[in-house]
Each structure stands twice: as C-alpha cells, then as structure tokens.
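1. Pasting the sequence and the predicted coordinates here, then a few questions.
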Amino acid sequence: MTLRLDLLRHGETELGGGLRGSLDDALTANGWAQMRAAVVAQGPWDRLVSSPLQRCARFAEELGAQLKLPVSLEKDLQELHFGAWEGHSAAALMETDAEGLGLFWADPYRFTPPEGEPVSAFSDRVLGAVARLHQAYAGERVLLISHGGVMRLLLARARGLPREQLLNVEVGHGGLFSLHVDADGTLTEGV
C-alpha cells in the first residue's frame, strides 16, 4: 500500500537566509503567510507530521488545530546540521571558506561542512523516518512540514537525479510538493 506524502517547506524565518540547519529560528509574518497560502484548497490530510524546529512545528500546531488533525513531531526530519557554517550565507562563506563551499556544492555527499553532519548520514536519517511513516500510515495522506534540505533529498530521489545534483533541486519557502511512498521505499513525485 502507498503512502501519499505532501511536503511543505517552512516559510521565511526571522534571521533570514543562509544555512539555518539546526538553528531554531521563528517564522516572520511573511513566512506564516507563505505557509498559509500554500495549503489553501489543498488536502484533505489524515494527519500532520513536522520537524520539531519551531519554523515548522508552530505552523503544524496551528494547522492541526484548525483542521482537527493529529500532529506528531519527528526529529529525524530536521534539516541537515551545517556545523560551523550554520547561520552563514553562501556569500559570507565565499569570503571565509570558498574552497569548502565549492566542494560542497559540487558534491555534498563527498564534502562535509566543518563540524557538520555528513549528507550520507542525513540521507539515512531522513529515509529511515520516511520508512517509519510508511509503516505507520500506509494508505493515508500525510502533510509533512519540514525543511529545504529534507525536501531536496526526497525530491532528488523521486526524480532519479544523481546524488551530485541534490542541491540543484529548487524548493522555495512555502513550497508544496507531493510524493507517493511505496512499501519498498520507492518515491514517486506527483499527485
């Protein structure tokens, strides 16, 4: 049986762009508006699952209360931990670690930011969480509220992209995408 997994990226955060990773930023008013607009006339969902970081979880709580749906938090669906790069923009890193940033963009699986989480470990963590969601909720439609990195990973896999192209997947704030998750872990994009 298939799990329908709708992916919603959090909106704009108070501390702005850059590599937010495990930093627990709040949403701006615009970020709230981006997420609210994304879910208008969408669904219906059977439940909501969210990253525990507040930029995802606060919206999940609001939407769950509004739709009278259960909400659960899944720590393994948090963003990649960028280590020493957290909180820095790509422009700032170009001045302090241009070589490392270039290596990371060329193949994030082969280069890990200083003190950061390897993308291979991130991938295992996220795919393990999705497998548990399938096991628990196969046959349901679930809205997963998460982060750009989580969504890029799942969409790249569904699209059959080479791992080096992971960071080429575009996922804007408030972006909403749909996946089907089969029992064998196969991901397929679409409605």
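-> The structure has been received and is ready for your questions. In this text the structure is predicted, and so the values were computed from the model without any measurement.
2. use CA for all of it now, contacts and neighbours both
-> Will do.
3. and the helix or strand hosting S72, which strands flank it?
-> Using DSSP states H and E, S72 falls within strand 71-73. Using DSSP bridges, the strands paired with strand 71-73 are strand 47-50 (parallel).
4. downstream neighbour of the strand it pairs with in the secondary structure list?
-> helix 54-67.
5. can you pull out the helices in this structure?
-> Secondary structure of the chain by DSSP state H: the helices cover 29-39, 54-67, 90-96, 98-106, 119-137, 148-159.
6. need those helices in a markdown table with distance to L73 and mean pLDDT, can you?
-> Compiled in a markdown table, the helices of the chain are given as follows (distance: least, CA to CA, whole Å; pLDDT from 0 to 100):
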| stretch | distance to L73 | mean pLDDT |
| --- | --- | --- |
| helix 29-39 | 17 | 97 |
| helix 54-67 | 7 | 97 |
| helix 90-96 | 29 | 92 |
| helix 98-106 | 29 | 94 |
| helix 119-137 | 11 | 97 |
| helix 148-159 | 15 | 97 |
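7. highest average neighbour count across those?
-> Of the helices of the chain, the one with the most neighbours on average (mean count of other CA atoms under 10 Å) is helix 148-159, at a mean of 21.
8. re the thing from before, a markdown table for the helices of the chain, including distance to H81?
-> Formatted as a markdown table, the helices of the chain follow (distance: least, CA to CA, whole Å):
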| stretch | distance to H81 |
| --- | --- |
| helix 29-39 | 21 |
| helix 54-67 | 15 |
| helix 90-96 | 15 |
| helix 98-106 | 13 |
| helix 119-137 | 8 |
| helix 148-159 | 10 |
